[in-house]
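> no FASTA, just this:
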């Protein structure tokens, strides 16, 4: 808050909002948390007695600050009030809403070491995609084997990633003729249909290590604590997955209007939310990897894993 006095020259008053209604030790910046109403009122009453007349009061648009401005305005209608978006607190990115104790110390120290330039919490620290990232020259990836075991009853939702050499073919018949000649498993129609996406994911992941492989059914299995009984495209399966997202920590609530994404099947929207949940866990250092730590992509040497 700022004030100016014609006699004494400009004077700057700074006042912090009252304590927010949230758990102690929480990292919050741009998150719009409410402040304690009673504490806010007491602060306004104290400040109303001290501010000079015709003071210009500027406030952040966040509700914890606006509440104080509104209480102060009710007590001092002579003051001029303006909301300034530039006063909104910094965005802590992936750290928002997390207990400070859950944020890796190394990440926090790295931010402090470059405070002016490094965004806190790196707004995008992990991107989860439901596409195989990393292929092998053998019959099966250990990551696929582990994922099928982990999801249990829904194991058929895990398709076998193709042999690396299959990427060079444009038709399923040509690819399978080649694979048969070298004694490798043949491509399913699903795998062949995703070949373009697999190539695209490989290219993007090679340029950006934040892009990782996730698997929605494994994410839902982890959220449930047990295998899921109903397929995702059944009513029971969709309702169960929606309930799991809402019970996640923090809760994931999909808006009624998904914009352009609203044209996709609802199970795809649920899958995308589950991938984002796993990517967030990886950013926070909480994710587990399905696969063999020693398994590497035959071309790049990057570890192959499905992150949950």
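Nice, thanks for sending it over. Source: prediction; values computed, not measured.
> Only C-alpha atoms from now on, for both contacts and neighbour counts.
Fine.
> tell me the domain boundaries of the chain?
Following automatic domain parsing, the chain resolves into domains at 2-89, 127-307.
> Now the weakest link among those domains, please, by mean pLDDT.
The minimum mean pLDDT among these belongs to domain 2-89 (a mean of 87).
> what does the longest helix along the chain contact?
What stands out as the longest helix in the chain, according to DSSP state H, is helix 266-283. Here helix 266-283 makes contact (C-alpha atoms under 8 Å, 6 or more residues apart in numbering) with 94, 125-130, 212, 214-217, 219-220, 232-233, 238, 241-242, 245, 252, 261, 287-288, 307-308.
> doesn't residue 34 make contact with residue 64?
Yes - Residue 64 lies in contact with residue 34 (C-alpha atoms under 8 Å); the separation is 4.9 Å.
> okay, and the common contacts of these two?
Shared contacts of residue 64 and residue 34, defined by C-alpha under 8 Å, 6+ apart, comprise residue 20.
> quick one, what contacts residue 19?
Contacts of residue 19 (C-alpha under 8 Å, 6+ apart): 35, 36, 39.
> Can I get the residues you listed in a markdown table including distance to residue 46?
What follows is those, written out as a markdown table (distance: C-alpha to C-alpha, whole Å):
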| residue | distance to residue 46 |
| --- | --- |
| 35 | 17 |
| 36 | 16 |
| 39 | 11 |
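> just to revisit the earlier point, among the domains of the chain, show me which one is buried the most.
domain 127-307 (a mean of 17; mean count of other C-alpha atoms under 10 Å).
> so how far is that domain from its chain's centroid?
Centroid separation for domain 127-307 versus its chain: 17 Å, with C-alpha atoms, centre = their mean, to the nearest Å.
> Same check on stretch 21-30?
Worked out by C-alpha atoms, centre = their mean, stretch 21-30 lies 18 Å from the chain centre.
> Now do that stretch: distance from first to last residue.
Start-to-end span of stretch 21-30 (C-alpha to C-alpha, to the nearest Å) is 15 Å.
> what's that stretch in contact with?
By C-alpha under 8 Å, 6+ apart, the residues outside stretch 21-30 that reach it are 33-36, 62, 88-92, 95-101.
> Touching, residue 176 and residue 187? I think so.
Yes - counting by C-alpha under 8 Å, residue 176 touches residue 187, with 6.1 Å between them.
> Now do the strands in the stretch 1-150 of the chain.
Secondary structure of the stretch 1-150 of the chain (DSSP state E, counting those that start in this stretch): strands at 2-5, 9-12, 56-59, 80-83, 127-129.
> Serialize those to JSON lines and add fields for distance to residue 138.
Formatted as JSON lines, those follow (distance: least, C-alpha to C-alpha, whole Å):
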{"stretch": "strand 2-5", "distance to residue 138": "68"}
{"stretch": "strand 9-12", "distance to residue 138": "69"}
{"stretch": "strand 56-59", "distance to residue 138": "61"}
{"stretch": "strand 80-83", "distance to residue 138": "62"}
{"stretch": "strand 127-129", "distance to residue 138": "23"}
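> and residue 293, which of those is closest to it?
strand 127-129 (18.6 Å; C-alpha to C-alpha).
> what pairs with the closest one, and is each one parallel or antiparallel?
Paired strands of strand 127-129, with direction, are strand 211-213 (parallel) (DSSP bridges).
> measure residue 49 to residue 64 for me?
21 Å.
> what about residue 239, is that helix, strand or coil?
helix (DSSP: H, G, I helix; E, B strand; the rest coil).
> gap between it and residue 230?
Going from residue 239 to residue 230 by C-alpha to C-alpha gives 10 Å.
> Could you do residue 88 as well?
The value you get for residue 88 to residue 230, if C-alpha to C-alpha is used, is 45 Å.
> cool, and residue 56?
60 Å.
> Show the contacting residues for the closest residue to residue 44 other than its chain neighbours.
The shortest distance from residue 44 to any non-neighbouring residue, by C-alpha to C-alpha, 6 or more residues apart in numbering, is to residue 72 (4.9 Å). With contacts defined as C-alpha under 8 Å, 6+ apart, residue 72 is in contact with 44, 45, 47, 48.
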